[in-house]
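Student: Sharing a model prediction with you, sequence too.
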Amino acid sequence: MGGPSVARAPAVLIYDGECPMCRTSALWLMRLAASGGALEILPCGSGPRRTRFPRISDEACSSAMQLVLPDGRVLAGADAVPELLRRIRGLGWVASAFALPGARPLARRFYAWVARNRLRLSCRR
């Protein structure tokens, strides 16, 4: 057991709703984070996303996931992963791996490769 749980305002994960892999991943993350209400998800092309977050362009949110924190900061792609992990009970410790030397640049390269190939990867059976 960890320390006392602290209620947090939800972060909003904006994802490519046209990509099967992205949809599945976003729903999986939301289910994992659901116990604390720490995450809301919105598809990139949705009206609510455009109304609530007009400063995030369609191009930005279709090229990499965007995580809007309660304080208004926006983290994109691999830079959003540690904060997502912190919002999932039991996985916060994994976020500390991103502080290791070289981890962040490696994560960014891996994320960029997956993002470029996500539609092809989604179609593999």
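Tutor: Cool, got the structure. Everything numeric here is computed off the predicted structure, so don't read it as measured data.
Student: Every contact and neighbour count from this point should use C-alpha atoms.
Tutor: Noted.
Student: what is the rounded mean pLDDT of the strand or helix carrying Val94?
Tutor: In this structure, Val94 sits in helix 92-95 according to DSSP states H and E. Mean pLDDT, computed over helix 92-95, is 84.
Student: Please list the residues outside it that contact it.
Tutor: Helix 92-95 is contacted by residues Val81, Pro82, Glu83, Leu85, Arg86 when judged by C-alpha atoms under 8 Å, 6 or more residues apart in numbering.
Student: Can you list phi and psi of the fourth one for me?
Tutor: This means Leu85. Backbone torsions of Leu85, given as degrees, to the nearest 10, read phi -60, psi -40.
Student: residue contacts, it?
Tutor: For Leu85, the contact set (C-alpha under 8 Å, 6+ apart) comprises Leu91, Gly92, Trp93, Val94, Ala95.
Student: how does it look with 7 Å?
Tutor: Neighbouring residues of Leu85 by C-alpha atoms under 7 Å, 6 or more residues apart in numbering: Leu91, Gly92, Val94, Ala95.
Student: before we move on, what about the first one?
Tutor: Val81 is in contact with no residue at all, counting by C-alpha under 7 Å, 6+ apart.
Student: Thank you, goodbye.
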